[in-house]
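[1] Provided below are the primary sequence and the corresponding predicted coordinates.
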Amino acid sequence: MKVEKGQVRAPEIGRLWLNSPPLSFRQLRGRVVLVDFWDYTCVNCIRTLPYVQAWHERYQSLGLTVIGVHTPEFMFAQYESNVERSLLEFGLTYPIVVDSNREIWKAFANRYWPTKYLLDHDGYLRYGHFGEGGYRECEQTIQGLIHEVDAKRALPAIMEPLREEDHPGAVCYRPSGELYLGHRRGKIGNEGGFMEDQVGDYEFAGEVEENFFYANGRWASTAEYFEAAEEGLHSLKLKYEASTVNLVMASPRGGSAEVLLLQDRKPITRNQATKDTRFRAAGESYVVVDSARMYFLVDNHEFGEHELELVCTPGVAAFAFTFTGCVDPVASALQAATVSKS
């Protein structure tokens with residue numbers, strides 16, 4: 001989305017800053033500014049961050065200032081310590097302003113994570129992009145705005161895509177939609193629905209349908225999350241269409257908790273593992289929940305329909321499942337060949 005010069009100037013707000021002393025758009029006049037709205041629990045934001053960091057490194061000395069606006073979706077993501085930990089995890093070195101009260105979000109009338117806005121050297125909004133993708137167009141716009149300040153400034157060649165699935169020829173299917181587990185926005189398939197704001201026993205033994213999750217065991221239902229409560233067996237089931245599955249989780253009672261992973265009634269294989277997946281000698285696949293963040297559960301490397309079951313120890317709080325559907329055809333073919341030979 002490109003905007004004609006001189007229509008809209010950016011607002012002057014923001015109090016708590018990380019990686020930088022407080023900045024204002026007024027003091028940045030004369031420089032191009034990239035404003036990136038993100039949340040460290042958002043899978044689409046996480047996938048965009050390497051590009052934003054790369055642009056900071058490439059163009060900071062050439063007239064660009066990158067500002068990340070961290071606007072949290074869940075309450076735990078409001079805490080500065082959690083945001084600071086995410087900066088270290090993702091290797092972000094550009095200025096980040098913490099927008100826990102959504103002041104900047106509202107001032108920009110923003111609606112999506114992630115969203116990138118580009119401001120020209122006079123502080124006017126010139127470009128916006130919602131969601132993933134558009135990386136080449138965004139970098140071309142950055143270069144165009146820098147050249148408006150200095151037409152003779154030498155700039156590097158546009159970056160090649162940073163992931164295989166971002167290259168031309170990659171295929172993006174429509175995955176299952178985001179699935180919340182808190183009763184405010186969640187969709188539970190158990191008969192009778194949520195036992196809102198209380199601890200209750202859930203039972204399910206029927207067929208699983210897409211776009212719902214199903215619970216067995218004793219769970220606490222809150223507006224934001226679904227928590228495995230007290231002793232006993234706690235499980236969640238869902239059917240999905242995607243290549244990868246992620247889940248925002250926390251352990252609000254302190255310490256750590258575990259989630260056993262079963263896909264299509266079998267443990268996750270090492271070919272389907274993510275950086276968060278662990279394995280026991282007996283072949284069990286599981287994830288350790290030791291901080292409040294998004295966990296990468298399964299990477300199938302190809303798009304398909306599966307049934308996922310999570311067996312949780314007490315204390316696991318589950319917030320939202322997210323799914324991605326982009327695959328690299330070459331990598332997918334190599335993966336299929338590897339599996340067929342094993």
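    Here it is on my side, so go on.
[2] mind giving me the domain ranges of the chain?
    Listed by automatic domain parsing, the domain ranges of the chain are 16-162, 172-341.
[3] Serialize these to TSV and add fields for mean neighbour count.
    For glycine as for every other residue, the C-beta is placed from the backbone atoms N, C-alpha and C. Formatted as TSV, the domains of the chain follow (neighbours: other Cβ atoms under 10 Å):
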stretch	mean neighbour count
domain 16-162	18
domain 172-341	18
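[4] Which of the ones you listed has the lowest mean pLDDT?
    Among these, domain 172-341 has the lowest mean pLDDT, at a mean of 92.
[5] From the chain's centroid, how far away is that one?
    A distance of 15 Å separates the C-alpha centroid of domain 172-341 from that of its chain, computed with Cα atoms, centre = their mean, to the nearest Å.
[6] quick one: strands adjacent to the longest strand along the chain?
    The residue-count maximum for a strand in the chain (DSSP state E) belongs to strand 293-312. Paired with strand 293-312 in the same sheet, following DSSP bridges, are strand 234-250 (antiparallel), strand 257-263 (antiparallel).
[7] And these: which comes nearest Ile158?
    strand 234-250 (26.8 Å; Cβ to Cβ).
[8] Skip the chain neighbours and tell me the closest residue to Leu118.
    Tyr127 (3.9 Å; Cβ to Cβ, 6 or more residues apart in numbering).
[9] likewise Asp290?
    For Asp290, the spatially nearest residue (Cβ to Cβ, 6+ apart) is Ser256, at 4.0 Å.
[10] Contacts only, for the one you found.
    288-290 (Cβ atoms under 8 Å, 6 or more residues apart in numbering).
[11] ok, now how distant is it from Gln263?
    Applying Cβ to Cβ, to the nearest Å, the value for Ser256 to Gln263 is 23 Å.
[12] Same question for Tyr240.
    Tyr240 sits 10 Å away from Gln263, going by Cβ to Cβ.
[13] Leu64 too?
    Applying Cβ to Cβ to Leu64 and Gln263 gives a distance of 43 Å.
[14] Kindly format the C-alpha coordinates of stretch 35-52 as PDB.
    Coordinates of each C-alpha in stretch 35-52 appear next as PDB, following Å, rounded to 0.1, in the frame of the first residue of the first chain:
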ATOM      1  CA  VAL A  35       7.700   1.300  11.800                       C
ATOM      2  CA  ASP A  36       7.100  -2.400  12.400                       C
ATOM      3  CA  PHE A  37       4.100  -3.400  14.600                       C
ATOM      4  CA  TRP A  38       4.800  -6.900  16.100                       C
ATOM      5  CA  ASP A  39       4.200  -9.200  19.000                       C
ATOM      6  CA  TYR A  40       6.700 -11.800  20.100                       C
ATOM      7  CA  THR A  41       4.000 -14.500  20.300                       C
ATOM      8  CA  CYS A  42       2.900 -14.000  16.700                       C
ATOM      9  CA  VAL A  43       4.200 -16.500  14.200                       C
ATOM     10  CA  ASN A  44       3.800 -14.200  11.200                       C
ATOM     11  CA  CYS A  45       5.700 -11.500  13.100                       C
ATOM     12  CA  ILE A  46       8.500 -13.900  14.000                       C
ATOM     13  CA  ARG A  47       8.800 -14.900  10.400                       C
ATOM     14  CA  THR A  48       9.100 -11.200   9.300                       C
ATOM     15  CA  LEU A  49      11.700 -10.200  12.000                       C
ATOM     16  CA  PRO A  50      14.800 -11.500  10.100                       C
ATOM     17  CA  TYR A  51      14.000  -9.100   7.200                       C
ATOM     18  CA  VAL A  52      13.400  -6.100   9.500                       C
END
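[15] so how far is it off the chain centroid?
    With Cα atoms, centre = their mean, you get 6 Å for stretch 35-52.
[16] Which residue is the nearest non-sequential neighbour of Gly182?
    Closest to Gly182 by Cβ to Cβ, 6+ apart is Glu224, at 4.1 Å.
[17] For the stretch 51-200 of the chain, which segments are assigned as strands?
    64-70, 96-98, 115-119, 125-130, 171-172, 179-180, 198-202 (DSSP state E, counting those that start in this stretch).
[18] Give me the residues contacting stretch 213-221.
    Here stretch 213-221 has contacts from 179, 181-183, 186-190, 194-204, 208, 226-230, 232-238, 321, using Cβ under 8 Å, 6+ apart.
[19] at 6 Å instead, please
    183, 189-190, 194-196, 199, 201-202, 204, 208, 226-227, 229-230, 232-238 (Cβ atoms under 6 Å, 6 or more residues apart in numbering).
[20] Report all helices and strands that the lengthiest helix in the chain contacts.
    Of all the segments of type helix in the chain, defined by DSSP state H, the longest one is helix 43-59. The contact analysis (3 or more Cβ pairs under 6 Å, 6 or more residues apart in numbering; DSSP states H and E) places helix 43-59 against no helix or strand.
[21] what's in contact with that helix?
    With Cβ under 6 Å, 6+ apart, helix 43-59 has contacts from 36, 38-39, 66, 90, 92, 94, 113-114, 132, 135, 156, 162, 246, 322.
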